[in-house]
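**Student:** below is the structure, and that's it, no one-letter string:
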């Protein structure tokens, strides 16, 4: 345009509607003549379902001079699966080691950060590698479980795997970390 243009997102100026998954920044401003303005849109879903909203952008404070921007996105829940299932080691001699490899699968549509936590009482005898990392959507990773008994007894317990949606840009798998 040959003249500056003022823009506003009225919904954003009034405060985002409760439960809105979309927001934009800046919510108002002036585009100088022969220039442009980048508007950043943010999608922050609160539920695992499709979301769609229309945000109106008005120009020069004229409600009749507006542009409808349609935003759509799908919220997803992180999900992991360990195959073939429970980790079990056959009886092993004290000081000897045995290892089993399982597949950790990200069954969701989003990258997932995971972290294993071996209980203190099992830590001298059981290790997991890698201990943490990021799996991309539908990606699988071999996870090695090693058992080295230090005394004759039954070792039993649960190794927790905490996981959550990965931060943007976190797409590398951490390999080789030991417990």
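**Tutor:** Good, I have the coordinates. It should be emphasised that the depicted structure is a prediction, and the values quoted were computed from it without experimental measurement.

**Student:** show me where the protein has its helices.
**Tutor:** Listed from the start of the chain, the chain has helices (DSSP state H) covering 10-13.

**Student:** for it, which strand is longest?
**Tutor:** strand 62-74 (DSSP state E).

**Student:** could I get the buried residue list for that strand?
**Tutor:** Buried residues in strand 62-74, counted by 16 or more other Cβ atoms under 10 Å: residue 71. (Each C-beta comes from the backbone N, C-alpha and C, glycine too.)

**Student:** same question, stretch 42-57
**Tutor:** 45, 51, 53, 55, 57.

**Student:** I'd like these as TSV, with pLDDT appended.
**Tutor:** Converted to TSV, these look like this (pLDDT from 0 to 100):
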residue	pLDDT
45	85
51	89
53	87
55	86
57	90
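
**Student:** distance to residue 9 for those residues - can I get that in JSON lines?
**Tutor:** Shown next, in JSON lines, are the buried residues of stretch 42-57 (distance: Cβ to Cβ, whole Å):
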{"residue": "45", "distance to residue 9": "19"}
{"residue": "51", "distance to residue 9": "17"}
{"residue": "53", "distance to residue 9": "12"}
{"residue": "55", "distance to residue 9": "6"}
{"residue": "57", "distance to residue 9": "6"}
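
**Student:** just the closest of the residues you listed to residue 121, please.
**Tutor:** residue 45 (39.3 Å; Cβ to Cβ).

**Student:** dump the residue contacts of the closest one.
**Tutor:** 21, 51, 73, 74, 75 (Cβ atoms under 8 Å, 6 or more residues apart in numbering).

**Student:** please apply the same query to residue 2.
**Tutor:** For residue 2, the contact set (Cβ under 8 Å, 6+ apart) comprises 33, 34.

**Student:** measure it to residue 93 for me?
**Tutor:** 85 Å (Cβ to Cβ, to the nearest Å).

**Student:** again with residue 103
**Tutor:** In terms of Cβ to Cβ, residue 103 sits 27 Å off from residue 93.

**Student:** confidence-wise, which helix or strand of this structure is lowest on average?
**Tutor:** The weakest-scoring helix or strand in the chain, judged by mean pLDDT, DSSP states H and E, is helix 10-13 (a mean of 67).

**Student:** do you know the pLDDT at the residue nearest to residue 51 when sequence neighbours are not counted?
**Tutor:** Spatially, and ignoring its direct neighbours in sequence, residue 51 is nearest to residue 21 (4.3 Å; Cβ to Cβ, 6 or more residues apart in numbering). With respect to pLDDT, residue 21 scores 84.

**Student:** please tell me how far residue 21 sits from residue 56.
**Tutor:** 17 Å.
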